[in-house]
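following is a predicted model, sequence given first.
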Amino acid sequence: MRIHLIAIGGAVMHQLAISLHLQGHNISGSDDEIFDPALSNLRKHGLINADFSWNPNHIIKDIDVIILGMHAKADNPELLKAQELGIRCVSFPEFIYEHSKTKKRVVVGGSHGKTTITSMIMHVLKESGKHFDYLVGSKIRGFDVMVSLSNDADLIIIEGDEYLSSTLDPRPKFHLYKPDIALISGIEWDHINVFPSFDIYQKQFEIFAEMISKNGVLIYTADDKNVENLVQELNIPASKISYTAIPYNIENGITKVLYNNVPIEVNVFGEHNMKNLSAALEVCRQLGVADASFFASIASFNGAARRLECIFDNGHSSIYRDFAHAPSKVRATVSAMKKKNPERQLLAVFELHTFSSMNKTFLHQYAGSMDAADIAIVFFSPHAFALKRLEMFDESFVKEAFCNKDISIFNNISELESNLQNIVNSNTNVLLMSSGNFDGMKIELLFDKLEN
């Protein structure tokens with residue numbers, strides 16, 4: 001097929017383009033901006049030209065289908081040309097469903113933990129020798145791409161994002177997948193730009209659960225009152241299975257889970273990751289993986305990129321980065337880091353980057369979320385506020401919203417870099433939390449400081 005991707009530079013979109021290219025399809029794509037690693041990945045496979053900007057001349061009648069990313073708006077010049085020519089346009093979740101509608105579909109949903117749980121399932125299935133397709137939102141060790149589609153696999157593992165599909169299809173992505181096995185890891189209000197109230201946001205998970213196939217299974221956390229309330233009111237034919245955190249202990253910074261009272265060392269840590277492990281275990285059970293095989297495989301799981309990912313460690317200090325952006329995830333991540341090495345100073349830095357975290361009304365949801373850190377810092381970029389056309393916060397407002405008068409506030413990356421170098425010392429764990437990139441902060445400067 002000849003396939004063109006509008007907004008090809010997205011994290012999943014460019015990986016989908018590469019996957020389809022590797023299958024032998026004729027792929028092209030465009031965007032207004034493409035940043036690394038997407039830019040380098042696409043160039044490596046020869047999938048974009050030097051001029052990849054949106055241009056209606058890219059759209060010709062020979063194109064079989066156009067995959068439309070959420071970044072492209074309704075007035076996109078290529079989209080308008082495609083509509084004029086009558087070329088079929090679909091969102092990427094619609095494309096994924098069409099490819100997988102004859103397969104067993106496992107869809108992992110929830111306000112947090114989706115990527116990690118999906119990654120854990122994929123890791124165990126690969127270790128168990130099972131053949132499957134997948135879509136996940138982050139790079140995982142042992143997998144070359146984040147999207148893999150084949151004609152012969154009878155199973156697909158999908159990370160089910162609740163954000164909207166495309167400008168032509170305003171349904172949440174996970175509403176399009178129609179799961180056979182669905183998982184809800186937690187419900188916490190997010191994406192307030194499209195879900196202006198918690199009730200509207202929670203409703204999307206209700207619809208998701210109602211789409212489970214007749215003989216399917218809903219796996220859900222028993223430790224989230226919002227999920228519990230939702231499940232209790234659901235009237236669906238699917239079976240329901242709840243889970244809680246796998247028992248574990250921490251000794252000298254090493255986490256061990258307990259399987260039949262036998263301690264097994266794992267590379268992930270924190271109460272939230274013990275819940276993620278339990279969620280992945282329940283899914284794998286449904287897919288025929290024995291518990292002993294699951295625990296033997298999960299011991300070698302090293303996590304997904306930017307999900308409590310260790311990027312520096314010298315034995316007495318470390319630097320971790322995490323995708324944390326929702327209030328509960330920030331709270332859980334900070335707590336996990338402190339419990340891992342309570343004897344070390346914990347320096348936690350959080351960037352306000354999402355629309356929700358940069359909204360004045362929503363920011364109070366973060367109250368107390370960084371209290372477990374010995375030193376807490378919040379950073380935000382004036383440029384990001386300008387792009388989102390939001391009113392920038394002042395220092396006193398942020399401290400009030402976080403209910404932490406000792407928290408430090410920065411909106412200049414050079415000043416933040418200088419401050420971190422002054423306060424970082426040996427016996428310190430540094431935690432960097434953001435769905436962005438801290439305005440290109442030079443993290444390697446911290447490596448040099450900690451190594452000296």
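Nice, thanks for sending it over. Numbering: from 1, shown residues only.

just the element for the closest residue to Ile254 other than its chain neighbours, please.
Once flanking residues are discounted, Ile254 sits nearest to Glu265: 6.1 Å by CB to CB, 6 or more residues apart in numbering. Yep, even glycine has a C-beta here, placed from its N, CA and C like the rest. Secondary structure from DSSP states H and E places Glu265 in strand 262-266.

pairing partners for that strand, with directions?
Sheet partners assigned to strand 262-266 using DSSP bridges are listed as strand 254-259 (antiparallel).

can you give me the buried ones in the strand it pairs with?
Neighbour-count burial for strand 254-259, counted by 16 or more other CB atoms under 10 Å, picks out Thr255, Lys256, Val257, Tyr259.

with stretch 116-133 instead?
Of the residues in stretch 116-133, those buried (16+ other CB under 10 Å) are 116-128, 130, 132-133.

let me see the confidence value for Tyr134.
For Tyr134, the pLDDT comes out at 98.

helix, strand or coil for it?
When classified by DSSP: H, G, I helix; E, B strand; the rest coil, Tyr134 comes out as strand.

tell me the contacts of it?
Tyr134 makes contact with Thr118, Met122, Phe143, Val147, Ser148, Ile156, Ile157, Ile158, according to CB atoms under 8 Å, 6 or more residues apart in numbering.

ok, for it, nearest residue in space, not its chain neighbours?
Ile157 (4.5 Å).

coming back round to it: residues in contact with the strand holding Glu265?
By CB under 8 Å, 6+ apart, the list of residues contacting strand 262-266 from outside reads Tyr248, Asn249, Ile254, Thr255, Lys256, Val257, Leu258, Leu277, Phe295, Ile298, Ala299, Phe301.

again, only using 10 Å
Outside strand 262-266, the residues that touch it by CB atoms under 10 Å, 6 or more residues apart in numbering are 246-249, 251, 254-258, 273-274, 277, 295-296, 298-303.

mind listing which of the residues you listed are in strands?
Judged by DSSP state E, the contacts of strand 262-266 include Tyr248, Asn249, Glu251, Ile254, Thr255, Lys256, Val257, Leu258 as members of strands.

tell me the angle of the biggest helix by length in the chain relative to strand 254-259?
Looking across the chain with DSSP state H, the single longest helix is helix 271-286. Angle, helix 271-286 to strand 254-259, by axes from the mean of the first three to the mean of the last three CA atoms, to 10 degrees: 40 degrees.

any buried residues in helix 271-286, and which?
If you call a residue buried by 16+ other CB under 10 Å, then helix 271-286 has these buried ones: 272-284, 286.

with stretch 372-390 instead?
Ala372, Ala373, Ile375, Ala376, Ile377, Val378, Phe379, Phe380, Ser381, Ala384, Phe385.

before we move on, the earlier item: just the C-alphas of the strand holding Glu265, formatted as CSV.
Taking Å, rounded to 0.1, in the frame of the first residue of the first chain, the C-alpha atoms of strand 262-266 are listed here in CSV:
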residue,chain,number,x,y,z
VAL,A,262,10.6,-16.7,47.9
PRO,A,263,12.3,-13.3,47.3
ILE,A,264,13.1,-12.5,43.7
GLU,A,265,15.2,-9.4,43.0
VAL,A,266,13.7,-7.0,40.4
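
returning to what we had before: which among the buried residues of stretch 116-133 gets closest to Lys101?
Comparing those against Lys101 with CB to CB places Asp133 closest, at 12.1 Å.

shouldn't the closest one be in contact with Thr102?
No. In this structure, Asp133 is not within contact of Thr102 by CB atoms under 10 Å, at 11.3 Å.

between those two, what contacts are shared?
Listed as contacting both Asp133 and Thr102 by CB under 10 Å, 6+ apart are Asp154.

as CSV, the buried residues of strand 254-259 with pLDDT would be great.
Below are those laid out as CSV (pLDDT from 0 to 100):
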residue, pLDDT
Thr255, 95
Lys256, 96
Val257, 97
Tyr259, 94
